[in-house]
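Asks: Sequence first, predicted coordinates after that:
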Amino acid sequence: MSPPSRPRQGAIFEFAQDGLTMRQSQPVPTPAVAGERVTWSGLLERFVYRNADNGFGIALLRRDDGIAATIKGPLWGLTEGDAIAIDGVVEDDPRHGRQVKVLSARPVVPGTRAGVLRYLKSGQIAGLGPTLAERVVDHLGDDALARIRTDPDVLKGVKGLNRKVRAALVEQVEKHAEAAANAVFLYGLGLGPLLTARIEQRYGKDTVRQVRERPYRLAEDVPGIGFKTADRLARELGVPTTSPDRMRAGLTHALHELAQQGHTAPPETLVMANAMTILEVTEAPLAAAIAALLAEETLVRSGDALCLAELAHAEERLAQRLAELLGAASAARPDLPARLTDAEAALGFTLEGSQREAVTRALQTGVLVVTGGPGTGKTTIIRGVLAAMARDQPRLALAAPTGRAARRLAEATGAEAKTLHRLLEFEPRTGRFLRNKETPLDADLIIVDETSMMEVTLAAALFDATPLGARVLLVGDADQLPSVGPGAVLDDLIQSHCIPVVALDRIYRQGEGSQIALNAHRVRMGQLPHSSPRNAEGDFFLVPREQPEDILAGVLEIVQHRLPQRGFEPIRDIQVLAPVHRGPLGTQALNEALRQALNPDGEPLGNGLRVGDKVQQLKNDYDLEVFNGDIGVVVGRGQGRADNRQPGLPLAPTVQIRFGERLVDVEGSALDNLQLAYAVTVHKSQGSEYPAVVLPLHPQHHIMLQRNLLYTALTRGRRFVVLVGPMRAIERAVQNDAPIHRYTQLRQALQRATGQREGA
């Protein structure tokens, strides 16, 4: 029978062929008050649902006293029939009633006769039925499992137990005991079930030895374990603070931290300073570690810089390929006037100045960079180049770093556009691109928009896959924030003076009375933006507020009332941006306040989301065709994906989200890639445009008050922009034209590859 929407307390979920059903049984002795903590041991009888990616499962636990209960949570590494111990909290699920939310679960060796019998009768051991299981326990006693491990020959005295079943029983008992011992060891080091299962999956029988002898390898071998966790484990295991392994791991971690800040070639002095801070050691013990990492080619020394080999090689490959492409596709164009005429006919106006220069040079050179601010005609250049080359019927490849930017490019040109990862046929399981130097793109003309967002390894992969003879047009805004990943590709290409560059400096797209693009250019030039007069019909306003709580109140008033009065729908049309995640005006606090204001009564879905929530995707998901930065709205519970259905099991619980015009069911570990998006960081907004943008600023944002951050935020607004905060914060951002410098060597590599001198 079908389960009622809210099962009565005391009901037990049982598994049947038609899915999850209920029967009334002896009451489950869960505490009467939801929220109470429990610690139980018993047999994991049956999985109702499990996700192999993140370890989440819903299962039936048969406790040692024979009572059954439904448990849900992280059940990594466990299988049906395992004897387990759980810590959990009782909760009332809105759909399924009383359950226990698992905080931790681990295999254990059963300690009672009933527990041993349930374990042996679980069906995990081929040929061992209930009768033989009873005989094993009758013959060996309550400590049967321990005796089997000590001396497998004790099973020879059990009547009816043949050699094959004995071998299977010994193997299973040994395997379970090892898992239990590993769990005890790893839990004792303070690790949870997810990491415990991943470590055991990686090392198997060798788990305890590997962790004891090489704890720092965990940071390389096990997803989710970084240097800090590995270092804590090593300390608990007594590894000396100056051990060579610790020095090497700390140095590598320091370099990865610097790469996260954008540096591909940090000076050795900076690397050493960071490593000494992380490791709390002097410089002396690090020298041998540097030599070892250089010898094994994990690091590369280049001048006074210490580089991660992957990043150093990416910059060199990129520079070499650019040099090759510059020569391979450059050619005179005797029919240039006719092609420009084609472009002007398609655009409907005469090309002038830098726009005409950009289209002309795109036809004459292998690689061209076109840069400019909002309204300067970057999209016009792309459309003009496509029209000018149309008579050749070139094979086209249009792309951008994010899904949002790719969709905007497709809408603007009417041609197909993809994310760079999809264009290069990224294989998530291997982390490789199927398009590369050996299997290049089938393209004669490659156009990449929003190039400022392209980090160096992705740029290197793109040009690896670019066939010789193809023309490449790179379009971007050099004044925006640099890429989130390492490198400063667009800036380095421009500053190298090795790549042809056309800078668009005239504003063309400017509606009558509009101030957004003009103010963006004022900020870019180091001038304060001008506010539209109060109560006027303008599109750019400065709302002065001093204290953080007053700024927050102002943001809520604008989003809830002021902008809706001008026709903007709060969730669909208005995007609040912030410089930082934390603090009273960071995205976390803003999301809590905005959610309470805009969606206070949304139905909770049990995973931190509510129906009606505005959410943002954090990673590319090629199966769902949802990409990093995409914004959607939670519609409700989904139906699950049929291809994920396991035989005999119900579909996985899912959340249905509307991304644009598409309804997408998101389930399992994919839900971890979502975050609330009533407010997002300026960095996360790159590549997007929104009808209205609200940006709170305050002096407490400190180092993030930078001109390029403010400029990037302003250029996200299409029809309306509001800044909320004290003028001194806005002034500080405008005056701070010294963003954090990124140490890179792409510029020098390009100059070497093309034979040009610095500054030539």
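Replies: That came in fine, so what should we check first?

Asks: Which parts of the stretch 401-550 of the chain are helices?
Replies: Per DSSP state H, counting those that start in this stretch, the stretch 401-550 of the chain has helices spanning 403-413, 420-423, 456-464, 489-496, 516-524, 548-557. These are given in chain order.

Asks: Distance to Pro440 added to the ones you listed, as CSV?
Replies: In short, each C-beta sits where N, CA and C put it, glycine included. Formatted as CSV, the entries for those read as follows, by distance: least, Cβ to Cβ, whole Å:
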stretch, distance to Pro440
helix 403-413, 20
helix 420-423, 12
helix 456-464, 8
helix 489-496, 20
helix 516-524, 37
helix 548-557, 49
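
Asks: could you dump those to CSV with mean pLDDT and distance to Thr150?
Replies: Shown next, in CSV, are the helices of the stretch 401-550 of the chain (pLDDT from 0 to 100; distance: least, Cβ to Cβ, whole Å):
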stretch, mean pLDDT, distance to Thr150
helix 403-413, 91, 59
helix 420-423, 94, 54
helix 456-464, 97, 53
helix 489-496, 96, 63
helix 516-524, 92, 76
helix 548-557, 97, 66
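
Asks: of the ones you listed, which approaches Phe185 most closely?
Replies: With Cβ to Cβ as the criterion, Phe185 lies closest to helix 456-464 of the helices of the stretch 401-550 of the chain, at 37.1 Å.

Asks: which of the residues in the longest helix anywhere in the chain are buried?
Replies: With residue count as the measure and DSSP state H as the assignment, the chain has helix 163-188 as its longest helix. Residues of helix 163-188 classed as buried: 165-166, 169-170, 172-173, 176-180, 182-183, 185-186 (neighbour count, 16 or more other Cβ atoms under 10 Å).

Asks: Output the contacting helices and strands for it.
Replies: Based on contacts counted as 3 or more Cβ pairs under 8 Å, 6 or more residues apart in numbering; DSSP states H and E, the elements that helix 163-188 packs against are strand 97-107, helix 144-150, helix 193-203, helix 207-213.

Asks: what mean pLDDT would you report for it?
Replies: Per-residue pLDDT over helix 163-188 has a mean of 82.

Asks: Relative to the whole chain's centre, how far out is that helix?
Replies: On the basis of Cα atoms, centre = their mean, to the nearest Å, helix 163-188 is displaced by 36 Å from the centre of the chain it belongs to.

Asks: Kindly calculate the angle that that helix makes with helix 193-203.
Replies: 130 degrees (axes from the mean of the first three to the mean of the last three Cα atoms, to 10 degrees).

Asks: Just the CA trace of the helix or strand containing Val136, in CSV.
Replies: Taking DSSP states H and E as the criterion, Val136 maps to helix 130-140. Coordinates of the C-alpha atoms in helix 130-140 are reproduced here as CSV (Å, rounded to 0.1, in the frame of the first residue of the first chain):
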residue,chain,number,x,y,z
PRO,A,130,19.9,-19.1,9.1
THR,A,131,20.3,-22.7,10.3
LEU,A,132,24.1,-22.8,9.7
ALA,A,133,24.4,-19.4,11.3
GLU,A,134,22.7,-20.7,14.4
ARG,A,135,25.1,-23.7,14.4
VAL,A,136,28.1,-21.4,14.2
VAL,A,137,27.0,-19.4,17.3
ASP,A,138,25.9,-22.5,19.2
HIS,A,139,29.3,-24.1,18.6
LEU,A,140,31.6,-21.1,19.1
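
Asks: Need the contact partners of it.
Replies: Contacts made with helix 130-140 from outside it, assessed by Cβ atoms under 8 Å, 6 or more residues apart in numbering, are listed as 113, 116-117, 120-121, 128, 144, 147-148, 154-155, 157-161, 165, 169.

Asks: Quick one: buried ones out of those residues?
Replies: Going by neighbour count (16+ other Cβ under 10 Å), the contacts of helix 130-140 have 116-117, 120-121, 128, 144, 147-148, 155, 158, 161, 165, 169 buried.

Asks: For these, name the two members farthest from one another.
Replies: Once Cβ to Cβ is applied, the buried ones among the contacts of helix 130-140 give Lys121 and Arg147 as the farthest pair, at 18.1 Å.

Asks: Pretty sure Ile84 sits in a helix.
Replies: No: with DSSP: H, G, I helix; E, B strand; the rest coil as the criterion, Ile84 is strand rather than part of a helix.

Asks: May I have the beta-bridge partners of it?
Replies: Beta-bridge pairing of Ile84, defined through DSSP bridges, involves Gly42, Pro107.

Asks: That one - how many residues pack around it?
Replies: Residues near Ile84, counting by other Cβ atoms under 10 Å, number 23.

Asks: OK, contacts around it?
Replies: Residues counted as contacts of Ile84 (Cβ under 8 Å, 6+ apart) are 41-44, 61, 78, 105-108.

Asks: Out of those residues, which is nearest to Gln706?
Replies: Where these are concerned, and distances follow Cβ to Cβ, Gln706 has its nearest neighbour in Ala105, at 46.5 Å.

Asks: And the pLDDT for the residue nearest to the closest one when sequence neighbours are not counted?
Replies: By the measure of Cβ to Cβ, 6 or more residues apart in numbering, the closest residue to Ala105 outside its immediate chain neighbours is Ile86, 4.6 Å from it. If you check Ile86, the pLDDT there is 88.

Asks: isn't Ile86 right next to Trp40, touching?
Replies: Yes: Ile86 sits in contact with Trp40 when judged by Cβ atoms under 8 Å, with a separation of 5.5 Å.

Asks: Mind listing the shared neighbours of these two?
Replies: Applying Cβ under 8 Å, 6+ apart, one finds that Ile86 and Trp40 are jointly contacted by 61, 100.

Asks: Which of those two has more residues huddled nearby?
Replies: Set side by side, Ile86 and Trp40 show unequal neighbour counts under other Cβ under 10 Å, the larger going to Ile86 at 27 against 20.

Asks: Which residues are in contact with that one?
Replies: The neighbourhood of Ile86, defined by Cβ under 8 Å, 6+ apart, consists of 38-41, 61, 71, 100, 102-105.

Asks: what number of residues lie near Ala692?
Replies: Ala692: 24 surrounding residues under other Cβ under 10 Å.

Asks: Skip the chain neighbours and tell me the closest residue to it.
Replies: Spatially, and ignoring its direct neighbours in sequence, Ala692 is nearest to Phe720 (4.0 Å; Cβ to Cβ, 6+ apart).

Asks: all strands for the stretch 601-750 of the chain, in order.
Replies: Read by DSSP state E, counting those that start in this stretch, the stretch 601-750 of the chain holds these strands, from start to end of the chain: 614-617, 631-637, 654-659, 662-667, 674-676, 679-681, 690-696, 717-724.

Asks: list the buried ones in the fourth one?
Replies: When neighbours are counted by 16+ other Cβ under 10 Å, the buried residues of strand 662-667 are found to be 664-667.

Asks: Kindly report the same for the first one.
Replies: Within strand 614-617, the residues that qualify as buried by neighbour count (16+ other Cβ under 10 Å) are 614-617.

Asks: Kindly present those as CSV, with separate columns for distance to Pro584.
Replies: Below are the buried residues of strand 614-617 laid out as CSV (distance: Cβ to Cβ, whole Å):
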residue, distance to Pro584
Lys614, 20
Val615, 22
Gln616, 21
Gln617, 26
